[in-house]
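> This is a predicted model, with the sequence first.
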Amino acid sequence: MTVPGQRISILLPDLRGGGAERISIVLAHEFARAGHQVEFVLRQARGELLDEARQSFSVVDLDTARVRSVLRKLVTYLRQRQPDVLLAAMWPLTCIAPVASRLAGLRCKVLVSEHGILSAQYKDWGAAHRIALRATTGLGYRLAHRRIGVSDGVARDMAGLSSMAPDRFDTIYNPVPPRAEPSEAAIAAAEALWNAPPGQRLVTVGTMKAVKNHPLLLRAFAQLPRPGARLMFVGDGSERDALVSLAQELGVADRVIFAGFHPDPSPFYRTADLFALSSNYEGFGNVIVEALSCGTPVVSTDCPSGPNEILEGGRYGRLVPVGDEQALAQAMSDALAAPVDRDALIQRAADFAPAIAAQGYLALLDLT
């Protein structure tokens with residue numbers, strides 16, 4: 001039996017164009033379709049997705065430049081608005097929210113979710129930060145009604161950091177909505193960028209930052225025994241200039257395409273022959289699901305922890321050791337030569353439909 005009309009508040013740092021922020025908007029629409037009232041609560045009302053959220057939902061700005069000010073303002077918000085459910089994503093908000101709920105004297109259900117592997121994300125921040133991370137997760141997670149990781153690996157990491165039993169954590173995979181079929185004009189624009197016939201087109205999609213280890217992908221690409229192959233980077237970021245220099249150093253600059261950021265990368269998935277992910281770690285890996293939904297084969301590093309789970313240990317794509325450029329090059333070469341069951345890939349991607357994820361959240365909150 002569905003429990004309608006619940007007031008659900010979603011707490012985030014902001015609404016920049018990241019994965020967790022996009023996922024929260026997708027879930028918000030699903031909660032609204034189920035009859036619930038959704039409101040976004042932001043530490044700072046800014047980001048590329050802010051206007052999109054405001055078109056459908058109320059947005060509250062806590063207007064706190066510093067994290068240490070969030071607790072007081074969140075307590076005030078909770079007392080005034082009195083939501084039935086508070087969903088908090090991303091540490092330290094995942095630890096602040098349960099404490100704020102207790103201080104506000106509310107009975108609202110607090111669900112916290114992490115979207116990355118915190119122990120890896122903050123491993124170089126020093127001993128004091130590690131102690132603070134363990135202390136805050138140990139308190140905040142215990143006070144939460146439910147605790148969610150977006151992959152089994154993230155859930156295990158949450159349990160380890162907080163010294164809690166693994167069975168007190170749940171896994172709900174990220175919702176990845178199917179994209180509309182690209183227009184003929186969008187496909188033509190992608191084709192123009194490839195400037196090469198099909199058969200040897202490799203694409204990667206994501207922000208150019210250290211954790212994605214794009215230099216590994218470039219070095220593996222340089223080893224491919226396919227002089228006609230092309231590698232396209234869809235995305236932008238702080239590592240772009242270094243990647244351009246490395247492509248020149250490796251002698252493959254004329255076969256590497258830097259397409260820049262595109263809000264809808266589906267034309268590039270659909271015109272590519274292979275999608276490659278070279279990350280050192282991933283909380284989940286939405287881009288893998290996006291590629292599968294287009295019927296595009298996948299090669300990925302077997303990094304902690306989402307890719308292995310999405311690809312079911314290699315059933316739906318090839319997995320290679322993290323940091324092994326020779327293994328990555330060989331896997332890409334083999335994948336380009338292998339037949340593709342596109343229907344199977346598309347069917348696997350359907351397992352991550354937004355309605356499935358939203359149902360998981362509502363079930364944990366006893367709202368179904």
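Everything's here; your move.
> Tally up the residues packed near Ala185, please.
Neighbour count of Ala185, defined by other Cβ atoms under 10 Å: 9. From N, CA and C alone the C-beta is placed, and that goes for glycine too.
> Report the next helix or strand after the helix or strand hosting Leu202 in sequence order.
Element membership of Leu202, judged by DSSP states H and E, is strand 201-205. The helix or strand immediately downstream of strand 201-205 is helix 214-222, counting by DSSP H and E.
> ok, now which ones touch Gly116?
Going by Cβ atoms under 8 Å, 6 or more residues apart in numbering, Gly116 touches Met90, Val154, Tyr281, Gly283.
> any idea whether the second one is helix, strand or coil?
Remark: Val154 carries the secondary structure label helix [criterion: DSSP: H, G, I helix; E, B strand; the rest coil].
> Now do the strands in this protein.
7-12, 37-42, 58-61, 85-89, 109-114, 146-149, 170-171, 201-205, 230-234, 256-260, 274-277, 298-301, 318-320 (DSSP state E).
> closest to Ser101 out of these?
strand 109-114 (5.0 Å; Cβ to Cβ).
> Quickly run through the sheet partners of that closest one, with directions.
strand 85-89 (parallel), strand 146-149 (parallel) (DSSP bridges).
> ok, and the most crowded of the contacts of Gly116?
Of those, with other Cβ under 10 Å as the count, Val154 tops at 26 neighbours.
> what about it, distance to Ala20?
11 Å (Cβ to Cβ, to the nearest Å).
> between the two, what contacts are shared?
In contact with both Val154 and Ala20: His115, using Cβ under 8 Å, 6+ apart.
> list the helices and strands the longest helix anywhere in the chain packs on?
Using DSSP state H, we find that the single longest helix of the chain is helix 127-143. Packing contacts for helix 127-143, counted by 3 or more Cβ pairs under 8 Å, 6 or more residues apart in numbering; DSSP states H and E, involve helix 93-104, strand 109-114, helix 118-121, helix 152-162.
> Out of those, which is closest to Lys209?
Short answer: helix 118-121, nearest of those by Cβ to Cβ, at 11.5 Å.
> what sits up against that closest one?
Against helix 118-121 from outside (Cβ under 8 Å, 6+ apart): Trp91, Leu133, Thr137, Asp157, Met158, Gly160, Leu161, Asn280, Tyr281, Pro304.
> do stretch 146-162 as well
23, 109-120, 133-134, 137-138, 141-142, 164-166, 168-174, 283-284, 304-306, 309, 361, 364-365.
> Go through it and flag the buried ones.
Using 16 or more other Cβ atoms under 10 Å as the test for burial, stretch 146-162 gives 146-159, 161-162.
> Please apply the same query to stretch 107-119.
Per 16+ other Cβ under 10 Å, stretch 107-119 contains these buried residues: Cys108, Lys109, Val110, Leu111, Val112, Ser113, Glu114, His115, Gly116, Ile117, Leu118, Ser119.
> Next: stretch 280-293.
281-293.
> Map the structural domains onto the sequence of this protein.
Following automatic domain parsing, the chain resolves into domains at 7-175+353-364, 184-351.
> burial of the residue lying closest to Leu319 once chain neighbours are set aside, as a residue count?
Leaving aside its chain neighbours, Leu319 sits nearest to Asp302 (4.1 Å; criterion: Cβ to Cβ, 6 or more residues apart in numbering). Burial measure for Asp302: 17 neighbouring residues, criterion other Cβ under 10 Å.
> Then Asp63?
Neighbour tally, Asp63, other Cβ under 10 Å: 11.
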